[in-house]
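[1] just coords:
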């Protein structure tokens with residue numbers, strides 16, 4: 001069954017519109033009638049079909065044309081107005097990813113403060129962990145996925161960095177060129193390189209994940225052509241210099257952390273993103289006096305996965321942090337992790353992956 005869809009646009013004089021749409025906008029005339037005094041013309045092009053009709057009741061509207069060569073289309077004009085009043089916007093088909101400059105801030109977000117859960121894509125519930133988004137530099141979300149099959153489609157993100165860290169339950173996901181189903185358990189994480197195709201299949205056991213995206217605003221596109229799993233498996237493939245990572249928590253080895261009195265396991269994300277970001281899981285390594293420290297990292301985010309601690313910040317009142325709380329420490333601000341419980345586990349995400357930490361004797 002042949003089915004077509006059209007967008008109707010009004011005109012007062014069709015003869016004035018045809019040269020503009022066919023020559024300036026490079027669209028194809030498919031239909032015109034009546035022959036003696038045309039009042040309707042149907043044109044197609046750039047994935048669009050429009051019907052220009054004399055006396056149609058609609059407003060003229062706006063058409064956006066996306067092209068790989070916007071400067072070579074319509075003689076370089078980016079905004080035009082057709083004779084029938086329709087606005088035309090010419091823009092880039094694949095605009096470069098813009099990384100906003102980080103607006104540094106000391107941020108504490110506590111679960112007890114009852115930050116609202118918002119229903120987002122594919123029925124998932126999102127809780128914003130950094131409301132300021134640090135000026136658009138990053139987004140950190142606490143996500144709950146309803147148990148059962150997930151109504152997801154093959155999609156990808158135009159993003160600079162993206163992490164999925166499971167903190168409860170499990171979820172099954174398919175990834176381009178990474179073989180069959182990947183099951184993410186609590187303590188595991190994925191690094192989703194820019195534009196890798198993937199699809200969430202099934203969630204169970206009250207699945208909860210932490211998702212970090214850089215920059216905060218990025219585009220998600222649906223790929224209607226790719227089927228997952230892909231026939232080939234290419235674990236060494238890179239997307240914008242980054243490799244897919246499936247870090248399994250139970251296999252991690254703990255080593256001394258950058259903050260004395262703690263140890264951490266490395267998820268290998270620093271190495272596999274070539275220094276774009278680092279993801280560590282830190283915990284107390286034994287009885288020790290807390291120390292003050294400063295760092296020079298652009299973005300340093302933490303999420304309390306279990307246990308509790310007191311976060312002290314230079315010039316700030318102490319915060320007692322519990323499971324589900326998150327915080328951001330800006331560069332060069334002295335902080336101290338005090339009174340950690342034995343079961344404390346911190347998820348630390350930093351951009352870039354390598355930076356310096358200075359131990360401070362006094363503040």
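    Yep, that arrived. Bear in mind that the values here come from a model prediction, so they are computed numbers and not experimental data.
[2] the closest residue to residue 40 other than its chain neighbours pairs with what?
    Taking CB to CB, 6 or more residues apart in numbering, and ignoring the residues beside it in sequence, residue 40 has residue 53 as its nearest neighbour in space, at 5.0 Å. From N, CA and C alone the C-beta is placed, and that goes for glycine too. Note on residue 53: beta-bridge partners by DSSP bridges are residue 10, residue 40.
[3] for this structure, which spans come out with low pLDDT?
    Along the chain, segments meeting pLDDT under 70 span 114-115, 120-123.
[4] for residue 71, helix, strand, or coil?
    State at residue 71, reduced to three classes by DSSP: H, G, I helix; E, B strand; the rest coil: helix.
[5] count of neighbours near it?
    Applying the criterion other CB atoms under 10 Å, we find 12 residues in the vicinity of residue 71.
[6] give the contact list for it.
    Remark: with contacts taken as CB atoms under 8 Å, 6 or more residues apart in numbering, residue 71 is in contact with nothing.
[7] ok, it to residue 90 distance?
    Separation of residue 71 from residue 90 (CB to CB, to the nearest Å) stands at 9 Å.
[8] could you do residue 280 as well?
    Relative to residue 90, residue 280 is positioned 45 Å away (criterion: CB to CB).
[9] neighbour count: these two, which is higher?
    Set residue 280 next to residue 90 and count neighbours by other CB under 10 Å: residue 280 wins out with 24 against 20.
[10] now do the SS call for the more buried one.
    Local secondary structure at residue 280 is given as strand here, using three-state DSSP.
[11] isn't it up against residue 267?
    Yes. With contacts counted by CB atoms under 8 Å, residue 280 reaches residue 267, the gap being 7.0 Å.
[12] please enumerate the helices of this structure.
    Listed in chain order, the helices of the chain (DSSP state H) span 14-19, 269-272.
[13] which one of these is the most hemmed in?
    When neighbours are counted by mean count of other CB atoms under 10 Å, the highest per-stretch mean among the helices of the chain falls to helix 269-272, a mean of 19.
[14] and it, what does it pack against?
    Counting contacts by 3 or more CB pairs under 8 Å, 6 or more residues apart in numbering; DSSP states H and E, the secondary-structure elements packed against helix 269-272 are strand 189-191, strand 245-247, strand 278-284.
[15] what is the longest one packed up against?
    Packing contacts for strand 278-284, counted by 3+ CB pairs under 8 Å, 6+ apart, involve strand 262-266, helix 269-272, strand 345-351.
[16] ok, which of those comes nearest residue 171?
    Evaluated over the helices and strands packed on strand 278-284, closeness to residue 171 peaks at strand 345-351, with 16.6 Å, by CB to CB.
[17] going along the chain, name the strands of the stretch 101-250 of the chain.
    With DSSP state E, counting those that start in this stretch, the ranges of strands along the stretch 101-250 of the chain come out as 107-109, 117-119, 125-128, 139-144, 148-149, 155-158, 161-175, 182-185, 189-191, 198-214, 219-222, 238-239, 242-243, 245-247.
[18] can you name every helix or strand that the fifth one contacts?
    Think strand 148-149. In this structure, strand 148-149 packs against strand 198-214, with contacts taken as 3+ CB pairs under 8 Å, 6+ apart.
[19] just want the angle from the strand it packs on to strand 161-175.
    Inter-element angle recorded for strand 198-214 and strand 161-175: 170 degrees (by axes from the mean of the first three to the mean of the last three CA atoms, to 10 degrees).
[20] next, the angle from strand 198-214 to strand 278-284.
    Computed by the same axes, to 10 degrees, the angle between strand 198-214 and strand 278-284 is 80 degrees.
[21] what angle separates strand 198-214 from strand 345-351?
    Between strand 198-214 and strand 345-351, the angle formed by their directions is 70 degrees, by the same axes, to 10 degrees.
[22] give the buried residues for strand 198-214.
    Buried residues in strand 198-214, defined by neighbour count with 16 or more other CB atoms under 10 Å: 198-203, 207-214.
[23] what two of those residues are the furthest from one another?
    Within the buried residues of strand 198-214, 202 and 214 form the most distant pair, 27.5 Å apart (CB to CB).
[24] show me the domain layout of the protein.
    Domain assignment for the chain by automatic domain parsing gives 7-92, 111-248, 251-360.
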